[in-house]
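S.K.: Pasted the sequence and its predicted model underneath.
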Amino acid sequence: MKKFIYSILLSSFAVLNANAHGIWLELDDKRDEAKLYFGEWENGKAESGEKLQRIKGEDVYPKELLKEIVRKDNHISYNLTKKSDFAVIESGEPRKGKNDETISRKISYAKAGRTNTNSIIAFDIVPVKENSNTFKLVYNNEPMVKTNVTVISPTKWEKTFRTDDKGEFTIHTPWIGKYLLEVSFEDATKGEIDGKSYDKTVHSLSYMIEVSQGLPWDLKK
């Protein structure tokens, strides 16, 4: 019966296909610490060495929570003054696409925690209530409607949810563990930064939450 229940739950998720590198943030509530990783969370791959050195990881929010930044072998550690939602923004240099001449600037947002019902970064996923499974997607405090948000479960399977007319969406968290929510959009406004022009900006957000109640997923076969 238990295996049957698991098969039903897993069938509602799609197999994860994307293998793109990105940043994600995890909270350690016991130590008032946040950890920023770069790699492929869904594949359990965290980069180190030169690849991690490409990530600056210095633009943090809320800034008043930060005590110290310590670079470790496979992550960047943030010592905080207290337990709280936390975010890091990483802005890349404009780059030409591999398959066309379009020059894009990418801004990556990594956030963890779901206690704060107010946005702490420009592109944000905010719980409507503390620890709620219903969230609002906002950009510059405006709701983003009819937008797809991908949720990767602790089993590393994924499902896509769509925001409504208020920018809200409700996810399902049947398993105990960490869930990574991902969403991105493109802004076609041209601009220039540090003397380098770009044709568009790609905004990409990863948001980590942790669920303590539910079904264990690491069943022995």
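M.R.: Looks like it arrived, so ask away. This is a predicted model, so every value here is computed, not measured. Numbering: from 1, shown residues only.
S.K.: Show me the helices in the protein, by range?
M.R.: Using DSSP state H, the helices of the chain run over 2-11, 49-53.
S.K.: Averaged pLDDT, the longest one. What do you get?
M.R.: Helix 2-11 shows a mean pLDDT of 38 in the predicted model.
S.K.: my guess is Ser212 meets Trp175, correct?
M.R.: No: under the criterion of C-beta atoms under 8 Å, Ser212 is not in contact with Trp175, lying 11.0 Å apart. From N, CA and C alone the C-beta is placed, and that goes for glycine too.
S.K.: Counting neighbours around each, name which of these two comes out higher.
M.R.: Trp175 (20 against 7; other C-beta atoms under 10 Å).
S.K.: Let me see the contact set for the residue lying closest to that one once chain neighbours are set aside.
M.R.: The spatially closest residue to Trp175, leaving aside those adjacent along the chain, is Trp217, at 4.3 Å (C-beta to C-beta, 6 or more residues apart in numbering). Contact analysis of Trp217 by C-beta atoms under 8 Å, 6 or more residues apart in numbering lists Tyr6, Ser153, Pro154, Thr155, Trp175, Ile176, Gly177.
S.K.: okay, those in CSV with distance to Phe185 next?
M.R.: Formatted as CSV, the contacts of Trp217 follow (distance: C-beta to C-beta, whole Å):
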residue, distance to Phe185
Tyr6, 34
Ser153, 23
Pro154, 26
Thr155, 27
Trp175, 28
Ile176, 31
Gly177, 27
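S.K.: can you tell me which of those lies nearest to Leu27?
M.R.: Distance ranking of those against Leu27, using C-beta to C-beta, places Gly177 first at 13.6 Å.
S.K.: Identify the residues contacting the closest residue to the closest one other than its chain neighbours.
M.R.: Spatial nearest neighbour of Gly177, chain neighbours left out: Pro154 (3.0 Å); criterion: C-beta to C-beta, 6+ apart. Applying C-beta under 8 Å, 6+ apart to Pro154 gives the contacts Trp175, Ile176, Gly177, Lys178, Tyr179, Val211, Trp217.
S.K.: let's see 6 Å
M.R.: Pro154 is in contact with Trp175, Gly177, Lys178, Trp217, counting by C-beta atoms under 6 Å, 6 or more residues apart in numbering.
S.K.: Bridging across strands, which residues link to Ile125?
M.R.: Leu137 (DSSP bridges).
S.K.: any weak-confidence spans in this protein?
M.R.: Scanning the chain with the threshold set as pLDDT under 70 gives 1-19, 218-221.
S.K.: Nearest residue to the middle of it?
M.R.: By C-alpha atoms, centre = their mean, the chain has its centre lying nearest to Ser206, at 1.2 Å.
S.K.: ok, it to Ala34 distance?
M.R.: From Ser206 across to Ala34, the span is 13 Å (C-beta to C-beta, to the nearest Å).
S.K.: what do you get for Asp187?
M.R.: Computed as C-beta to C-beta, the Asp187 to Ala34 distance reads 27 Å.
S.K.: Looking at these two, which has the bigger crowd around it?
M.R.: Ala34 (30 against 13).
S.K.: Touching, that one and Phe86? I think so.
M.R.: Yes: using C-beta atoms under 6 Å, Ala34 is in contact with Phe86, at 4.6 Å.
S.K.: picking that back up, strands - which of the contacts of Pro154 land there?
M.R.: Gly177, Lys178 (DSSP state E).
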